[in-house]
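> just the structure for this:
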Amino acid sequence: MLHVDLVVSIHGHGPRHLRADIPQGGTLALFGPSGSGKTTLLRALAGFHEARGTLSWDGRELITEPVETRPFAWMPQAPSLFPHWTLLRQLVEARPGRTADARLDTLISALGLTTLTDRPGRRLSGGQQQRGELARALARDPDVLLLDEPFSALDAPTRSAIGAFLRDLLRSEEKSMVLASHDWNDVEAWADEVILLDQGQTVAQGEPGALYAAPPNWPAARMMGFECRIGNRALHPDLAEWSTPHGCPVVLTGRVGDVTPHGAGVRVTISCADGTTVRASVPRGVSRPAMGDRVEVGFHAPEVVDDVS
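Have a look, this model is predicted:
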């Protein structure tokens, strides 16, 4: 288990406390907008940023250990491959023993890098560099992966394929992961626990599904995509119900303003008579309203547990 109880100074926000216990094979997500402190906390775990407190892996205290001896691998958000070294050389240098082997071949193939190994870092595209960074992190064979926005530069098919490979690898080898992301979909897909960060502050912490089902406060709800509230109920566009709205805790009537594509369906803006404006997603297969239509829509709107504005 990775035990974290650290005080970390985040630029512009002062010292902040990070507490978490990550079981072997588990994933902790750090979720928040740019500038919220995600990268600084990852860097503190890796040993690149000063921290005080307790950091241990299976009882082994790591807070005083240098970067190179910690059982971690760090993948930064900004590519940091050496511009003049070939990708293969960079991956071999990351391997224990600094030799090419079957595991490295597997990583190269699974991450779609087979035709790129002879290229220097400067000749790789952003997405190729990101895959190379992930391969270099995995080549270290770490116990814990520290990944900062690892999928941000990948197209959808590549993201899906690499995600499946990484998930299988983490499961089969019981590696733990700390993932920094500003995409709630990544949090839901990967994390056993998530820390919501805003301006260096911990807004909420817990299991993603539980937080989404019962936001502990309004700032946390906003971070998870809830756009407005009616009383103590938080409204999310994707939790709209069109077929049986009267079974929902919040039902609104209004006129449709803007209609924009959203995934396989559309997202509409609805102006209510009391001045309330809400957005609601209309999935594929549901009759799409047009601008000016009078509509009734329900929301599966969870209660905000502690309504802190």
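
> for the stretch 51-200 of the chain, which segments count as helices?
According to DSSP state H, counting those that start in this stretch, the stretch 51-200 of the chain carries its helices in the segments 87-94, 102-110, 126-139, 156-173, 184-190.

> tell me the most buried of the ones you listed?
Mean neighbours per residue, mean count of other C-beta atoms under 10 Å, is largest over those for helix 126-139, with a mean of 22. C-beta: built from backbone N, CA, C; applies to glycine.

> list the contacts for Phe82?
Residues in contact with Phe82, defined by C-beta atoms under 8 Å, 6 or more residues apart in numbering, are 90, 120-121.

> what's the answer for Leu211, then?
194, 196, 204, 220, 224.

> got those as TSV, with pLDDT, distance to Pro23 and neighbour count columns?
Converted to TSV, those look like this (pLDDT from 0 to 100; distance: C-beta to C-beta, whole Å; neighbours: other C-beta atoms under 10 Å):
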residue	pLDDT	distance to Pro23	neighbour count
Val194	97	15	30
Leu196	96	20	28
Ala204	95	20	21
Ala220	96	24	26
Met224	96	24	21
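
> which of those residues fall in strands?
Mapping the contacts of Leu211 onto strands (DSSP state E) picks out 194, 196, 204.

> ok, so of these, who is nearest Met291?
Met291 lies nearest to Leu196 out of the ones in strands among the contacts of Leu211, by C-beta to C-beta, at 35.2 Å.

> isn't the closest one right next to Val203, touching?
Yes. Under the criterion of C-beta atoms under 8 Å, Leu196 makes contact with Val203 at 4.3 Å.

> that older thread, closest one to Met75 out of the contacts of Leu211, please.
For those, the nearest to Met75 is Val194 (18.7 Å; C-beta to C-beta).

> which residue packs closest to the closest one, ignoring adjacent ones?
Nearest non-adjacent residue to Val194, counting by C-beta to C-beta, 6 or more residues apart in numbering: Ala29, 4.3 Å away.

> gap between that neighbour and Ala191?
Look at Ala29 and Ala191: by C-beta to C-beta, to the nearest Å, they are 4 Å apart.

> how deep is the closest residue to Gly26 other than its chain neighbours tucked in, by neighbour count?
Leaving aside its chain neighbours, Gly26 sits nearest to Asp192 (4.7 Å; criterion: C-beta to C-beta, 6+ apart). Neighbourhood size, Asp192 [other C-beta atoms under 10 Å]: 15.

> the more surrounded of Ala29 and Ala191?
A direct count of neighbours by other C-beta under 10 Å for Ala29 and Ala191 places Ala29 higher, at 26 against 22.

> surely Arg229 and Val304 touch.
Yes. Counting by C-beta under 8 Å, Arg229 sits close enough to Val304 to count as a contact (6.7 Å).

> list residues touching both of the two?
Listed as contacting both Arg229 and Val304 by C-beta under 8 Å, 6+ apart are 218, 221.

> between the two, tell me which one has more neighbours.
For Arg229 versus Val304, the count of surrounding residues by other C-beta under 10 Å is larger for Val304: 22 against 19.

> measure the more buried one to Asn217 for me?
Per C-beta to C-beta, Val304 is found 7 Å from Asn217.

> before we move on, what about Gln130?
Relative to Asn217, and taking C-beta to C-beta, Gln130 is found at 34 Å.

> next, count neighbours for the closest residue in space to Ile22 that isn't next to it in sequence.
Ranked by C-beta to C-beta, 6+ apart and with sequence neighbours excluded, the top spatial neighbour of Ile22 is Leu2, at 4.2 Å. A count of nearby residues for Leu2, using other C-beta under 10 Å, gives 23.

> Arg255 too?
Counted by other C-beta under 10 Å, the residues lying close to Arg255 total 15.

> what's the pLDDT at it?
Note on Arg255: pLDDT of 96.

> tell me which residues form a beta bridge with it?
With DSSP bridges as the criterion, Arg255 is bridged to Ser271, Arg294.

> check Cys228 too.
Leu235.

> how about the residue nearest in space to the middle of the chain, what does it touch?
Central residue of the chain (C-alpha atoms, centre = their mean): Ser181, 3.1 Å from the mean position. Contacts for Ser181 (C-beta under 8 Å, 6+ apart) come out as 29-31, 38, 149, 187.
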